[in-house]
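In: what follows is a predicted protein model with its sequence.
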Amino acid sequence: MVSMKALYRILLLVLFFGVILSQAQELPPKPAAWCNDYAGVLTPSQKDTLNAILGDFERRTSNQIFIAIFRRLPENTYLEDFTVRLFEQWRPGLPDKNNGILIVIFTEDRKARIEVGYGLEDVITDLQARHVLYNEMIPYFKRGDYYRGLLAGLRVLMPAAEGKYKIPIAGKSVKKKRFKSDNPIVGIMTIAFIFLMLYALSRRGRYQSMTFGGGPPVIWYGGHPHHRRRRRYDDEEDDDDFFGGSSGGGFGGGFSGGFGGLSGGGGASGSW
């Protein structure tokens, strides 16, 4: 006769494996391409262009960026939990470098997340990932333009992952005027706090003024080769010049899946 204690253990095992199986069913299998549109919001040409861009980026740098677009989160599932589990299943990046990034979008929930692998957390911190979401991608997502939102995000994430560009971090509301560091009168006429700021900035030479606003901040930079002046959102000019002329018509294959990268939960989530 089976004891109540044994039945209790069996019940716990059944519940445990039931939870594991239900979670596994929520996740799509390992992808067949860099860009995976399960919501049907991208055209075939747009998917081909994104795959060509990400495939070329992987071949040049070994960094992997995967995209997953869904309609809705599974019921009773948190965005961060789902994204971490999807990252663990897809495993973007190399196992010895952990240099993968996963971009997940839920169109009907109006949520998105950038999950960053261990090896890239130094060059793409949580605050920097948040900046990319709110200042580069979400303004397009609000219009339903997921393609251009992804292009805008990749234009910043790709050079940052290579160490060629430092993503700005938004801070408190501060306005600065443009000063010339070699003018001694400025330091004399300003208060001590401004004087100390100018002294520190004088060691860097001429600098760009930054404007921080309320809500998701916008930072204006000029002249950096990997961060052009922001376009107006109604500008439909093609971005192919930045991505080396990548275009639709097939991305030529070459996708081999994730290699075993890991994530520690770094990145950022956003909604609109």
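Out: Yep, it's here.
In: so where's the chain shaky on pLDDT?
Out: Along the chain, segments meeting pLDDT under 70 span 1-25, 170-264.
In: domain assignment for it?
Out: Recorded structural domains for the chain (assignment: automatic domain parsing) are 27-169, 171-221.
In: right, so these: which one is the most enclosed?
Out: Comparing the domains of the chain by mean neighbour count (mean count of other CB atoms under 10 Å), domain 27-169 ranks first with a mean of 19. C-betas here are computed from N, CA, C, even on glycine.
In: now do the helices in this protein.
Out: Ranges of helices in the chain, per DSSP state H, are 4-26, 44-61, 79-90, 126-132, 138-141, 146-161, 184-189, 192-202.
In: sorry, back to before: now render the domains of the chain as JSON lines, adding distance to residue 266.
Out: Converted to JSON lines, the domains of the chain look like this (distance: least, CB to CB, whole Å):
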{"stretch": "domain 27-169", "distance to residue 266": "4"}
{"stretch": "domain 171-221", "distance to residue 266": "20"}
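In: to residue 272, which of these lies closest?
Out: domain 27-169 (4.9 Å; CB to CB).
In: gap between residue 111 and residue 267?
Out: 13 Å (CB to CB, to the nearest Å).
In: related to what we said a few turns ago, identify whichever of the domains of the chain lies nearest to residue 271.
Out: Of those, nearest to residue 271 by CB to CB is domain 27-169, at 4.8 Å.
In: doesn't residue 37 make contact with residue 47?
Out: Yes. Using CB atoms under 8 Å, residue 47 is in contact with residue 37, at 6.0 Å.
In: could you list every residue that touches the nearest residue to residue 46 once chain neighbours are set aside?
Out: Nearest residue to residue 46, sequence neighbours excluded (CB to CB, 6 or more residues apart in numbering): residue 147, at 4.5 Å. Each residue near residue 147 by CB atoms under 8 Å, 6 or more residues apart in numbering is listed here: 42, 43, 46, 50.
In: what's the most distant pair in those residues?
Out: 43 and 50 (10.7 Å).
In: which one of the contacts of residue 147 is nearest residue 119?
Out: residue 50 (22.5 Å).
In: give the contact list for the closest one.
Out: 34, 35, 42, 67, 147, 150, 151, 154.
In: wait, doesn't the third one sit right on residue 69?
Out: So that's residue 42. Yes. At 7.1 Å, residue 42 counts as touching residue 69 under the criterion of CB under 8 Å.
In: joint contacts of those two?
Out: residue 146.
In: right, and residue 137 touches residue 151 too?
Out: No. In this structure, residue 137 is not within contact of residue 151 by CB under 8 Å, at 9.2 Å.
In: who touches both of the two?
Out: In contact with both residue 137 and residue 151: no residue, using CB under 8 Å, 6+ apart.
In: need phi/psi at residue 75.
Out: phi -60, psi 140 (degrees, to the nearest 10).
In: and it, how far is that from residue 85?
Out: 15 Å.
In: what's near enough to touch residue 101?
Out: 63-66, 92-93, 114-117, 120, 124, 157, 161.
In: now with 7 Å, please.
Out: 65, 92, 114, 115, 116, 117, 120, 157, 161 (CB atoms under 7 Å, 6 or more residues apart in numbering).
In: how about residue 104?
Out: 68, 83, 86, 112, 113.
In: what bridges to the first one?
Out: Spelled out, that is residue 68. residue 36, residue 104 (DSSP bridges).
In: that one is in contact with residue 86, isn't it?
Out: Yes. When contacts are counted by CB atoms under 7 Å, residue 68 is listed as touching residue 86 (6.5 Å).
In: list the residues that contact both of the two?
Out: Joint contacts of residue 68 and residue 86 (CB under 7 Å, 6+ apart) are 102, 104.
In: ok, residue 100 to residue 139 distance?
Out: From residue 100 to residue 139 the distance is 26 Å (CB to CB).
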